[in-house]
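Next come a sequence and a model predicted from it.
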Amino acid sequence: MIQTLTRLFPLWAVLFSIFAFLFPGGLAQLSWAIVPLLMLIMFGMGMTLTWADFADVARRPAVIGLGVLLQFLVMPLVALAVGLLLALPPELLLGLVIVGACPGGTASNVICYLARADVALSITMTSVSTLVAVVATPLLVWVYQGQSIEVPVMSMLGSLVQIVLLPVIAGTLLNSLFHRPLEPVRAVFPLLSVAAIVLVIGVIVALNRDRIAVGGAAVMLAVVLHNGLGLALGYGGARLMRLDPRRARTLAIEVGMQNSGLGVALAVKHFSAGAALPGALFSVWHNLSGSVLAWYWRRRQP
């Protein structure tokens, strides 16, 4: 039952987004809950990891290095190029770059499983990119947008430590010390994480209802292009480096599925609700596209 509800995450995200768009009043008052909910999701991801997962980095440095390179060099540049091509306003362009500079999304691990990709590699890449993001995300946002918009690098760095690093470490530590007793709790966390991110998406949609109604089409097109190019470059880059199809699927999903929830939290905390709009739409879209891609790949053995 829990697995069924979890796998229907794209449906819940779309339905709740529609609800938030039609009835934004109450949800808009919950903007304060975005950061705590995101910390809960990161803690849940940590509960699925052990120190052995992090040790796996040493055994696959080239594959992980390629994924991190694509994650933090290609995706922000693609975000900037797409935003300039579509002539997005500075606030929305900033939001798209923030999404591009974020690490891989936690939902990518589920999508990799459904797509018959390398789940262990997916978890390791998500962990590494999350840790690298503590330095890379604020630095990349400053490099691409710091000339026109003041970027609070140190403040963003502190937020990433609070939102990502500490919850993941805490979850991993608990899982390592009490793995067997926590099995019932760990089984519930995927559904809890889905509920949390769906609520975050709803709050952001409610906060940006008017913006979505007026300028949502251009931002949505930018998000679709950004996500699609990320998936294509992730897969193409992996195959160009002669990785097998199973690992190529993993890199495609890890690169294309950004941690847009983190991008939303950073945009709201440091900039504005408008800058969070690309991340909010990305949160919905990349799970839809990832689910469709997983369905397609699952029918074809790698």
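It's in.

got the contact list for the helix or strand encompassing V35?
Assigned by DSSP states H and E, V35 belongs to helix 34-46. By Cβ atoms under 8 Å, 6 or more residues apart in numbering, the list of residues contacting helix 34-46 from outside reads 106, 109, 126, 130, 159, 162-164, 166-175, 189-190, 192-193, 196-197, 199-200, 203-204, 261-262, 264-265, 268-269. C-beta here means a position set from N, CA and C on the backbone, and glycine is covered the same way.

So the residue lying farthest from the centre of the chain, which state does it fall into?
Most distant residue from the mean C-alpha position of the chain: P181, 29.3 Å away (Cα atoms, centre = their mean). Look at P181: counting by DSSP: H, G, I helix; E, B strand; the rest coil, its state is coil.

Can you tell me which residue sits nearest the middle of this structure?
Short answer for the chain (Cα atoms, centre = their mean): N259, at 1.6 Å.

Quick check: it touching G104?
Yes. At 6.3 Å, N259 counts as touching G104 under the criterion of Cβ atoms under 8 Å.

Give me the common contacts of the two.
Joint contacts of N259 and G104 (Cβ under 8 Å, 6+ apart) are T130.

still on that earlier bit, buried residues in the helix holding V35?
Of the residues in helix 34-46, I34, V35, L37, L38, M39, L40, I41, M42, F43, G44, M45, G46 count as buried by neighbour count, 16 or more other Cβ atoms under 10 Å.

hang on, G105 packs against I253?
No. Using Cβ under 8 Å, G105 is not in contact with I253, being 9.1 Å away.

Can you tell me how far the spatially closest residue to Q162 that is not a sequence neighbour is from L85?
Distances taken as Cβ to Cβ, 6 or more residues apart in numbering place M39 nearest to Q162, at 7.3 Å, with adjacent residues excluded. For M39, the distance to L85 equals 35 Å [Cβ to Cβ, to the nearest Å].

again, but for A117
For A117, the distance to L85 - Cβ to Cβ - is 30 Å.

neighbour-wise, which of these two wins?
A117 (27 against 11; other Cβ atoms under 10 Å).

Would you agree that one falls within a helix?
No. Under three-state DSSP, A117 falls outside any helix and is assigned coil.

For it, grab phi and psi.
phi -90, psi -170 (degrees, to the nearest 10).

Contacts only, for F16.
When contacts are counted by Cβ under 8 Å, 6+ apart, F16 is found next to V198, L199, I201, G202.

again with M125
I64, G67, V68, G104, T250, L251, E254.

so where does the fifth one fall, helix or strand?
Read that as T250. helix 245-256.

Give me the mean pLDDT for that helix.
Across helix 245-256, pLDDT averages out at 91.

So which elements touch the helix or strand just after that helix?
From helix 245-256 onward toward the C-terminus, using DSSP H and E, the following helix or strand is helix 260-270. Packing partners of helix 260-270 (3 or more Cβ pairs under 8 Å, 6 or more residues apart in numbering; DSSP states H and E): helix 34-46, helix 90-100, helix 119-145, helix 153-160, helix 183-207, helix 277-298.

Extract the residue ranges of this protein that are flagged as low pLDDT.
Along the chain, the model assigns pLDDT under 70 to residues 1-7, 53-54, 56-57, 106, 147-153, 156, 211, 214-215, 301-302.

Look through it and tell me its longest helix.
helix 209-240 (DSSP state H).

what's near enough to touch W297?
W297 neighbours (Cβ under 8 Å, 6+ apart): A115, R116, A117, R249.

For the first one, give me its contacts.
Same thing as A115. Taking Cβ under 8 Å, 6+ apart, one finds R249, I253, L293, A294, W297, R298 in contact with A115.

Could you dump those into JSON lines and include distance to N287?
Below are the contacts of A115 laid out as JSON lines (distance: Cβ to Cβ, whole Å):
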{"residue": "R249", "distance to N287": "16"}
{"residue": "I253", "distance to N287": "11"}
{"residue": "L293", "distance to N287": "11"}
{"residue": "A294", "distance to N287": "10"}
{"residue": "W297", "distance to N287": "15"}
{"residue": "R298", "distance to N287": "16"}
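
what's the closest of those to G216?
The closest of the contacts of A115 to G216 turns out to be L293 (Cβ to Cβ; 23.4 Å).

W12 against A196, yeah?
No. Under the criterion of Cβ under 8 Å, W12 makes no contact with A196, lying 11.4 Å away.

burial measure for the spatially closest residue to T126 that is not a sequence neighbour, as a count.
Distance criterion Cβ to Cβ, 6+ apart; nearest residue to T126, sequence neighbours excluded, is G104 at 4.7 Å. G104 is flanked by 28 other residues according to other Cβ under 10 Å.
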